[in-house]
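Asker: Here you go, sequence then predicted model.
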Amino acid sequence: MNKIEVFVQVGEEIEELETVEKVLYSALDKEKLDNVSFNLIIVDNKYIHELNKTYRDIDRETDVITFALEDDDTVINGSDERVLGDIYISLDKAKSQAEEYGHSLLRELSFLAVHGFYHLLGYDHMTKEDEEVMFGKQKEVLEAYGITR
């Protein structure tokens, strides 16, 4: 059984997260994954800035940052569950990007969460070819759930 834990570390309620969680479960289904778990953590710009500075040596906030446990061979789980890692999303950045791009906060949070999910699975967008694959998968998941720009 798949499990997504959602943690909100900002002082407000985010109605969209219920749908975002459903979108992530549909991404797990699309990828035919079972017995997988990961965390989605909603933070503010200050917190994500510190993560970005500490772990990526980039001194600014970002919209999403992931920590994939499968990138580290020293992680031993001791169970049959596959623990993918953590997805951190800045709510501040998601709100400003939703406004900038002219779409809903639901669309922006869903995009960032699915984007982070595919990073946890090892996908990247460093080359044009890799970007086409990753963004194609993201688009399929979002469109299947009716979330478009």
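Answerer: Perfect, thanks for sending it.

Asker: Now do stretch 17-37: everything it contacts.
Answerer: 1-6, 8, 40, 42, 80-84, 106, 109-110, 113-114, 117-118, 121, 137, 140-142, 144-145, 147 (CB atoms under 8 Å, 6 or more residues apart in numbering). Bear in mind the C-beta positions are built from the backbone N, C-alpha and C, glycine included.

Asker: burial of the residue lying closest to residue 130 once chain neighbours are set aside, as a residue count?
Answerer: By the measure of CB to CB, 6 or more residues apart in numbering, the closest residue to residue 130 outside its immediate chain neighbours is residue 124, 5.3 Å from it. Neighbourhood size, residue 124 [other CB atoms under 10 Å]: 11.

Asker: what's the answer for residue 15, then?
Answerer: Neighbour count of residue 15, defined by other CB under 10 Å: 8.

Asker: Just the CA coordinates for stretch 133-147, please, in PDB.
Answerer: Included here for stretch 133-147 are C-alpha records, laid out as PDB according to Å, rounded to 0.1, in the frame of the first residue of the first chain:
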ATOM      1  CA  VAL A 133      10.600  12.700 -20.900                       C
ATOM      2  CA  MET A 134      10.100  14.100 -17.400                       C
ATOM      3  CA  PHE A 135       7.800  17.000 -18.400                       C
ATOM      4  CA  GLY A 136       5.800  14.600 -20.600                       C
ATOM      5  CA  LYS A 137       5.100  12.300 -17.700                       C
ATOM      6  CA  GLN A 138       4.200  15.300 -15.500                       C
ATOM      7  CA  LYS A 139       1.800  16.600 -18.200                       C
ATOM      8  CA  GLU A 140       0.100  13.200 -18.500                       C
ATOM      9  CA  VAL A 141      -0.500  13.000 -14.700                       C
ATOM     10  CA  LEU A 142      -1.900  16.500 -14.500                       C
ATOM     11  CA  GLU A 143      -4.100  16.300 -17.600                       C
ATOM     12  CA  ALA A 144      -5.500  12.900 -16.500                       C
ATOM     13  CA  TYR A 145      -6.600  14.700 -13.300                       C
ATOM     14  CA  GLY A 146      -8.000  17.700 -15.300                       C
ATOM     15  CA  ILE A 147      -5.400  20.100 -14.100                       C
END
